[in-house]
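Novice: give the three-dimensional model of this entry:
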Amino acid sequence: MAKFVYLVRSFVLTITILALLIVPVYWLYKLSSRDDAGSEKVFSLILSVMILFTFAFSVVLSTFTRAKRHEVLAAAAAWVIMRPNPI
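Specialist: Predicted coordinates for the structure are as follows:
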């Protein structure tokens, strides 16, 4: 039974992390390809998407893993660096 719980937990974590990696890329692409992509409104939406998903990534990582605080910080920093430049 413990192995089944571990497999389900690993599956949920994998799906969640994949969603947190794929969904913001799609949103940032859509926001940056709009006609008004250089406007201040779109720029603040892009920053909001990046901040929201960075926070969500950090929360999921620290909740579902045994990562220490500095490891979560390093993973979040690497996650932000790997985001495509929307502007």
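
Novice: who are the packing partners of the helix or strand of the chain with the lowest mean pLDDT?
Specialist: Among the helical and strand segments of the chain, the one scoring lowest on mean pLDDT, DSSP states H and E is helix 69-82, with a mean of 82. Contact here means 3 or more CB pairs under 8 Å, 6 or more residues apart in numbering; DSSP states H and E; on that basis helix 69-82 packs against helix 40-64. The C-beta positions use only the backbone N, C-alpha and C, and glycine is treated the same way.

Novice: what lies in contact with the helix it packs on?
Specialist: With CB atoms under 8 Å, 6 or more residues apart in numbering as the contact definition, helix 40-64 has outside contacts at 9, 12-13, 16-17, 20, 23-24, 27-28, 31-32, 34, 36, 67, 69, 72-73, 75-76, 79-80, 83, 86-87.

Novice: any idea of the angle it forms with helix 69-82?
Specialist: For helix 40-64 and helix 69-82, the angle between their directions (axes from the mean of the first three to the mean of the last three CA atoms, to 10 degrees) works out to 150 degrees.

Novice: flag every buried residue along helix 40-64.
Specialist: Going by neighbour count (16 or more other CB atoms under 10 Å), the buried part of helix 40-64 is 42, 45-46, 49-50, 53-54, 57-58, 60-62.
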